[in-house]
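Asker: Next one to model:
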Amino acid sequence: MNSNSTLALAGRMLKKWTIFSLCLALWNPVFAREIPAAKIVITGKVTDGSNGEALPGVNILVEGTTIGTATNAEGKYSIEVPGAESFLVFSYVGYVFQKVAVAGKSVIDIKMEADLRKLDEVVVVGYGSQKKSDITGAISSIAPKALKEVPVTNAPQMLQGRAAGVYVLNTGNKPGSGVSVQIRGRRSFSAGNDPLYVVDGIPISGGFNDINPGDIEAMEILKDASATAIYGSRGANGVIIISTKRGKQGKPTVTYNTYFGASRILRYADLMDGQQFAEYKRESRRAVINTATGRPLYDDADPQADSKIFEAVELESIAQGRSTDWQRLMVKNGNIQNHELGVSGGTENTKFNVALGYYRDIGIISGQDFIRYTSRINIDQNLGQRFKLGMSTLGSYSERNGEDVNPYGQGADFGALTENPLGKAYDDKGELIFLPTGDGLRSNPLSELVPGAVINRTKRFRLLSNIFAEAEIIDGLRFRMNFAPDLTKNKKGDFRGRYTNVRRLGDPAASSSEDFTLAYTWENILTYKKRLGEKHSIDFTGLYSLQTRQFESSAISVAGLPIEYFEYYNLGAASIINSVSSQYEKWSILSYMARINYAYDNRFLLTLTGRADGSSKFAEGKKWGYFPSAALAWNISNEPFMNGNQLFSNLKLRTSYGATGNEGILPYQTNGLLARTQYDFDGTAAFGYKPSSIRNSDLRWETTTTLNVGIDFGLWNNRITGAIEVYQSKTTDLLLPKLLPITSGFASIISNIGSKRNRGLEFSVSTLNIAAKNAGDLEWSTDLNLFTNKEEILELSQGKVDDIGNLRFIGQPAVVYYDFVKTGIWQLGEESQAKQFGSIVGGIKVKDVNNNGVIDPADRQILGSDVPKLVGGMTHRFEYKGFDLSILVFSRFGSIIQSPFHGSFRYLSGRVNQYNVDYWTKTNPTNAYPQPNVNQESPIYGSTLSYMDGSFTKVRNINLGYNFSAKVAQRLKMQTLRVYVSAQNPFVFSPYTSEYNGIDPEFPTTSTPPVRTFLAGLNIKF
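Answerer: Now for the predicted structure:
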């Protein structure tokens, strides 16, 4: 069956299902008036089976109907049932589900038992689910409670500090910025290290800002080869499975969640004020001798010395003691708000969940904001006993402003961080002064904030759906088909007016670009579950899958717009067309997969997986990759000899070995590509084409094999639970540019060369430190995870030989800091030594590693890496008399960061502002920073100033809430009501901030600074 006929069949099935659903709705008890029948009123009380305390808020449902209620503050309930043959279903979070027959009774009291073991908890494992006790791979689950504790912009931010082996860092501080996620370290150089994201069973590519975090019900992280090999080519970097909320049987419920907050800058950069900058500029001239007079360029004995190096506005500022704080003029307080409205419910056959979301984040710099509108519709429809249809649809529209704009700190050429504090921002009338000083290349950074001066806007629309049909062919044998189209449309416009640093009084310029992506996934899944006798069970999953992605884009850039009001909407009116471009890409992956799970007596577990992937990105004969895996587990706690054991409530030993692949390169790398060029054709300029890359017909899969050994444990009736994982992965056939002789006309060619290794240890533990004996008593629990990962390059294009030009070294991580070693500052009396090493007194002194009397490239050393030696997260939760408090702490230790503030950001000439550092003078012979020097735009070996300890501990979130009693909620016509306040990033502890006055060790940049946010919110259920 080809794809066109399959789509036609899917269309006919969807049409029939829609008609059937409408007919069903007409007869559905939710919409139709019920026929009166003999009814029975049941009353009773629900209590905790361990202490007899009443349980308020227990959900009670008449099975097979939408009739339901909940217990009151005293645990009592009253419900009217259709007849004596009815069944009551009792459910409560953290307690074992119970079903009781009415059987003519009028009073039914229930004692509910706490579900302490939770070993029967179902976990999504990819193309299916398993009980936690049956899992053989390394899988971390994020509890629903944890997902709701920290308000975030996108789903991956929920993972920070939550799971061992998952390293999450911010990639920006502007509204709408994302994060980078690494699971068990970096494996690849060029093929990407992002994990695969699977939403409601469908793999997706990027765009996680499109998903409303409030729609997420659960998240699982698959880490070892046994867990990820089922996704084959896309599982090499780990898999994150996201399940969104679905409808449940029962009367419709309405939820409304909202929060409002204010954000403020986390920390201002410690820059020089006007007087400090003036002295810095003077010192830059004292360092240089005037050859004509033999005196310094700034002679302290000369009463006119200032007038010779400062211009009029600077002299005026010095005389008046005036200092312009450009940071504080630019930065303001931001605000954030979020609204989520959901309706959920259903009958035994029809279940639905509909949600709408609105999110707005206004940044601390004008013109930077992010707004998102989302909708989600999840429907599940049973057709008899053996057939099921359904759909999940995400609709998202967002606007992001200021993504490519950075008036705060664009290096030395422009920005509030570098602007001269002796300049004036406003004239006496309060109007902006476009050129605050006589430096014509440095404009007023506040002019970028004038409405309409700079417009940088991205509009994004996405429609992601999953339509599925499922049939139980015979008992235990199921077939499911998923069809998931994914449409994305992006449009970006950029406009820069004449009063901006880019145009600097020239005619306005603008650009516009747009792209369209159509992707779809078609999956056919066959599962078979069978229990053989009393001790054997098998679970088989087979898959045939096709995924295709088509991308097309176009862009135009112009200058010389006659009217600024045109912005980027009338580019045809421009006098200059700078560039026009367009692009097209398409790739496909065809996959086959089989997995079998075998269990013996709930003690011994075996998982075997095999997957074959064919990718259009690779050359003929190299398109297919084969990825097998095997895993074994032993449930020691289920052994007879563990009977009567009081210590271990759970003990399981696991081991796995397998292979996964990576094909994350751009399409067409196996073809020789062309690029346009210019040449002389008989004296006339002409365009032609030349080869831009060399064809590689041997390009194939990058493969990672992983060995994992793990132990799951539970102590004292699971008061303490956790896991320990040890792993080693080796990635071979790395997709890397292979260096070529320059005589070939090409610098490199993408090839399969080299190998890498990752080894690590993970530890996670959850403890119930204080258990509540009675309702309302204090309860305290803790989640802790720690992990370490050692990343090593084993081979490169020349074998076990360092590639110094690309900073790749055998035995080291992929990213290292390789530079000279700063040992101090050349001091007075060391003039001859400084001259010998090509420096001067007051300049940076670096180490002569090879002791050859000169500083040469051989003196460079590996100073460290961005890979931390230890990463951890800890969450404390407290509950007491309706109050709940959670505190999330995230830490990183042992990595190096490169700070742009302290390295390439430093300029010695006194032209731009600087960090307020301890620099060398004759009266201040420090070893920290060099002497300013007007003849040196940047200090020699200045990069050595930028390497710093990147360790930090952040209190990521503090959330304090209060749950009103069921009695109060019912008075307000609600089921539940919770109010809370939250503080995000309230505290940061780091050598970078305490010793070097840096802003943020997690994301050290001159871009928009980080913020701390304070929120107040409501969670309401009707």
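Asker: Which residue ranges of the chain form helices?
Answerer: 3-27, 144-149, 225-228, 274-286, 305-309, 312-320, 326-330, 831-836, 966-971, 991-994 (DSSP state H).
Asker: so how far is the first residue of stretch 747-764 from its last?
Answerer: In stretch 747-764, first residue to last residue: 46 Å (Cα to Cα, to the nearest Å).
Asker: hang on, isn't A928 packed against Y919?
Answerer: Yes - counting by Cβ atoms under 8 Å, A928 touches Y919, with 7.3 Å between them. Every residue, glycine included, has its C-beta placed from N, CA and C.
Asker: Which of the two has more residues huddled nearby?
Answerer: Higher neighbour count among A928 and Y919: Y919, with 22 against 14, using other Cβ atoms under 10 Å.
Asker: which residue sits closest to that one, ignoring its sequence neighbours?
Answerer: In space, and not counting its chain neighbours, Y919 is closest to Y929: 4.3 Å by Cβ to Cβ, 6 or more residues apart in numbering.
Asker: Enumerate every residue touching the one you found.
Answerer: Going by Cβ atoms under 8 Å, 6 or more residues apart in numbering, Y929 touches 825, 906, 917-920, 945.
Asker: Please spell out the PyMOL selection for the buried subset of the residues you listed.
Answerer: Filtering those down to the buried ones (16 or more other Cβ atoms under 10 Å) takes a single PyMOL command:
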select buried, resi 825+906+917+919+920+945
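Asker: Out of the contacts of Y929, show me where the pLDDT dips lowest.
Answerer: Across the contacts of Y929, the bottom pLDDT score, 59, is held by R906.
Asker: Give me the neighbour count for G384.
Answerer: The burial count for G384: 8, using other Cβ under 10 Å.
Asker: The helices of the chain: lowest mean pLDDT?
Answerer: In terms of mean pLDDT, the lowest-scoring of the helices of the chain is helix 3-27 (a mean of 40).
Asker: For the protein, give me the ranges with low pLDDT.
Answerer: Within the chain, the stretches with pLDDT under 70 are 1-38, 50-51, 93-97, 114-122, 233, 410-413, 775, 903-907.
Asker: Quick one: the strands in the stretch 651-800 of the chain, in order.
Answerer: 674-681, 684-691, 702-715, 720-732, 735-739, 748-752, 755-770, 779-795 (DSSP state E, counting those that start in this stretch).
Asker: Who are the contact partners of the residue most central in space within the chain?
Answerer: Central residue of the chain (Cα atoms, centre = their mean): V179, 3.3 Å from the mean position. By Cβ under 8 Å, 6+ apart, V179 lies in contact with 154, 156-157, 160, 168-171.
Asker: one more time with 10 Å
Answerer: Going by Cβ atoms under 10 Å, 6 or more residues apart in numbering, V179 touches 152-160, 168-172, 208, 1003.
Asker: of those, buried ones?
Answerer: With burial judged by 16+ other Cβ under 10 Å, the buried subset of the contacts of V179 is 152-160, 168, 170, 208, 1003.
Asker: right, and E149 touches N1019 too?
Answerer: No - assessed by Cβ atoms under 10 Å, E149 is found out of contact with N1019, at 11.8 Å.
Asker: Need the overlap of contacts for these two.
Answerer: Counting by Cβ under 10 Å, 6+ apart, the residues touching both E149 and N1019 are 961, 980.
Asker: Count the neighbours of K99 for me.
Answerer: K99, neighbours per other Cβ under 10 Å, totals 11.
Asker: Please look at L532 and G476 and confirm they touch.
Answerer: No - at 11.1 Å, L532 does not count as touching G476 under the criterion of Cβ under 10 Å.
Asker: Between the two, tell me which one has more neighbours.
Answerer: Using other Cβ under 10 Å as the criterion, L532 and G476 rank with G476 on top: 14 against 10.
Asker: Quick check: that one vs Q130, distance?
Answerer: For G476, the distance to Q130 (Cβ to Cβ, to the nearest Å) stands at 15 Å.
Asker: do the same with S751
Answerer: For S751 relative to Q130 (Cβ to Cβ), the value is 40 Å.
Asker: hmm, who's touching stretch 315-323?
Answerer: The contact list for stretch 315-323 (Cβ under 10 Å, 6+ apart) reads 272-279, 306-307, 309-310, 313-314, 324, 420-424, 437.
Asker: Only alpha carbons, please: show that stretch as PDB.
Answerer: Taking Å, rounded to 0.1, in the frame of the first residue of the first chain, the C-alpha atoms of stretch 315-323 are listed here in PDB:
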ATOM      1  CA  LEU A 315      35.400  67.400  30.800                       C
ATOM      2  CA  GLU A 316      32.000  68.700  31.700                       C
ATOM      3  CA  SER A 317      31.100  65.400  33.300                       C
ATOM      4  CA  ILE A 318      34.300  65.300  35.200                       C
ATOM      5  CA  ALA A 319      33.900  68.800  36.500                       C
ATOM      6  CA  GLN A 320      30.300  68.200  37.600                       C
ATOM      7  CA  GLY A 321      31.000  64.700  39.000                       C
ATOM      8  CA  ARG A 322      28.400  63.400  36.500                       C
ATOM      9  CA  SER A 323      28.300  59.700  35.600                       C
END
